[in-house]
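**Q** Sequence below, structure please.
(one chain, ligands or ions: 1)
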Amino acid sequence: MDLYDVRSEFSEDELMVQEAVGRFVDEQAIPVMREAFEKHEFPRQLIPMVAELGLLGSSIEGYDCPGLNAICYGLICQELERGDSGLRSFVSVQSSLVMFPIHAFGSEEQKQRWLPAMARAEAIGCFGLTEPQGGSDPSNMKTHARRDGDDWIINGSKMWITNGNIADVAIVWATTDEGVRGFIVETDAPGFAAQEIENKFSLRASVTSALFLDNVRVPNESMLPEARGLKAPLSCLTQARYGITWGVIGAAQACLDEVLRYTEDRILFNRPLNHTQTIQIRMADMARRITTAQLLSLQLGRLKDRGKLNPTQVSLAKWNNCRAALDIARDARDILGGSGISAEYVPIRHALNLESVITYEGTETIHQLVVGKELTGVNAFG
Ligand SMILES: Cc1cc2nc3c(=O)[nH]c(=O)nc-3n(C[C@H](O)[C@H](O)[C@H](O)COP(=O)(O)OP(=O)(O)OC[C@H]3O[C@@H](n4cnc5c(N)ncnc54)[C@H](O)[C@@H]3O)c2cc1C
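**A** Numbers count the residues shown, from 1 in each chain. As a prediction, this is how the structure comes out:
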């Protein structure tokens, strides 16, 4: 389903990446995602396959990473999230929130030590920015690191951390006497604990954790030397949010696909449901929103590949595309009637997942306020 022939905008290489990831999602991921969601566990058996396909740190050049362009990264996210937002979240965090900051802000030793291992999934990472007192305002950070000789001692806690309990390393953001700094903390360090958040009704096929740091001692070499101030973690979020704008298109496409098939076979009032005007209008509206989202992400990708991407553009697309995907998933759920609440069909799972995706990496309101600030020059957050 590609009403505007967006595919014709992709190069041969980009289409090859999309097809390879799409095949993996159809053959390996989709068959296990529903059960993983129901069991509330991440399908860890997929990790080696994801690594084998080169999807971890795919945009990084060197360090055993493939150095793919931004469109490829977007298509990877789109295909993965067509399977499940939890699978895309795993790859987003490892690639954009852990490997990206090590590559952008790390020392050569840090890059050599971690990036090839992370590309092979021999080391899994998580990204600890959000704290219990409020993720929308990271400037109110309480986690603190103080110098002790050649070491740093970190105290604090982080909340809602994807991959927390399966991570070997955490990128921990903390306030210091020099402002906000980032640390690579190995999760077996004394004083570090991760506690899985149980009973989520969203992103159930993804591990989400609280992190606790109680006098965790790390050597100075664990600090990311080039990450100074809050703009460092925020720049990681720009990378990840860019991928989200593409990812949610995949979830929306899966929902539209489901209703197209369902309404063909469902006979009501002596005719297939897809012969009904209002049903067609609702599906046409889904296609309109998916097409708009595709074109936004495509242009974002081009800007990114030209080095011209700015955070406001990403905010607008994260807001638009998440809202579109969530509304499509909810409406698809309704078009399926009672069947729509069954996990036999994908919309309910995608709708529940998208409740997280529209919230994490900046809530819808936060992205609206970012765009508002760009338009007016006035910061309305406070
Ligand atoms: C499944 C999941 C995975 C996550 N993974 C990670 C991760 O890996 N790493 C990480 O660091 N974080 C992660 N997060 C955290 C996520 O980024 C935060 O949940 C998000 O930023 C919102 O923060 P909060 O939950 O504390 O809500 P709050 O900041 O408390 O916001 C509550 C409400 O207030 C609104 N609000 C806030 N400020 C304003 C304002 N100025 N004006 C009007 N309304 C406002 C918000 O839009 C929201 O509706 C994850 C979250 C979830 C749910």
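**Q** Might one say that Ser92 is in contact with Trp246?
**A** No - the pair Ser92 / Trp246 is not scored as a contact, 10.2 Å apart, by CB atoms under 8 Å. Just so you know, the C-beta spots here come from the backbone N, C-alpha and C atoms, and that holds for glycine as well.
**Q** so what sits against both of the two?
**A** Counting by CB atoms under 8 Å, 6 or more residues apart in numbering, the contacts common to Ser92 and Trp246 are Cys77.
**Q** And the residue of the protein that's closest to the ligand?
**A** Across the chain, no residue is closer to the ligand than Gly135, which sits at 2.4 Å (CB to the nearest ligand atom).
**Q** a helix runs through that residue, doesn't it?
**A** No - inclusion of Gly135 in a helix is not indicated when DSSP: H, G, I helix; E, B strand; the rest coil is applied; the result is coil.
**Q** Please list all residues in contact with it.
**A** Gly135 makes contacts with Leu129, Met159, Trp160, Tyr360, as judged by CB under 8 Å, 6+ apart.
**Q** Flag every residue of the stretch 251-382 of the chain that's near the ligand.
**A** Contact residues (CB under 6 Å from any ligand atom) of the stretch 251-382 of the chain with the ligand: Ser356, Thr359, Tyr360, Glu361, Gly362, Thr363, Thr365, Ile366, Phe381.
**Q** Can I get the buried part of the residues you listed as one PyMOL selection?
**A** In PyMOL, a selection of the buried entries from those looks like this (16 or more other CB atoms under 10 Å):
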select buried, resi 356+359+360+361+362+363+366
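**Q** export the residues of the stretch 251-382 of the chain next to the ligand to CSV and tack on pLDDT and secondary structure?
**A** Listed next are these as CSV, based on pLDDT from 0 to 100; DSSP: H, G, I helix; E, B strand; the rest coil:
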residue, pLDDT, secondary structure
Ser356, 98, helix
Thr359, 98, coil
Tyr360, 98, coil
Glu361, 97, coil
Gly362, 97, coil
Thr363, 98, coil
Thr365, 98, helix
Ile366, 98, helix
Phe381, 91, coil
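**Q** In helices, which of the contacts of Gly135 fall?
**A** Of the contacts of Gly135, none are assigned to helices by DSSP state H.
**Q** all strands in this protein, in order from the N-terminus.
**A** Along the chain, counting by DSSP state E, strands occupy 61-62, 65-66, 125-128, 144-148, 151-162, 169-176, 179-186, 192-196, 208-219, 267-268, 271-272.
**Q** can you redo those strands as TSV with mean pLDDT and mean neighbour count?
**A** Below are the strands of the chain laid out as TSV (pLDDT from 0 to 100; neighbours: other CB atoms under 10 Å):
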stretch	mean pLDDT	mean neighbour count
strand 61-62	98	10
strand 65-66	98	18
strand 125-128	98	28
strand 144-148	98	15
strand 151-162	98	21
strand 169-176	98	24
strand 179-186	98	21
strand 192-196	98	16
strand 208-219	98	19
strand 267-268	98	11
strand 271-272	98	12
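**Q** who touches the spatially closest residue to Ala51 that is not a sequence neighbour in this structure?
**A** Setting aside the residues directly before and after it, Ala51 is nearest to Ala121 in space (CB to CB, 6 or more residues apart in numbering), at 3.8 Å. Contacts of Ala121 were listed using CB under 8 Å, 6+ apart, and they are Ile47, Pro48, Val50, Ala51, Leu56, Gln94.
**Q** quick one: Ala121 and Asp214, what's the gap?
**A** To Asp214, Ala121 is 29 Å away according to CB to CB, to the nearest Å.
**Q** Kindly report the same for Gln94.
**A** Per CB to CB, Gln94 is found 26 Å from Asp214.
**Q** With Val357 instead?
**A** Distance, Val357 to Asp214, using CB to CB: 31 Å.
**Q** Kindly report the same for Leu375.
**A** Leu375 is 44 Å from Asp214, by CB to CB.
**Q** what's the answer for Leu268, then?
**A** Per CB to CB, Leu268 is found 60 Å from Asp214.
**Q** swap in Val6?
**A** For Val6, the distance to Asp214 - CB to CB - is 50 Å.
**Q** And for Pro190, the neighbour number?
**A** The local packing of Pro190 (other CB atoms under 10 Å) involves 8 other residues.
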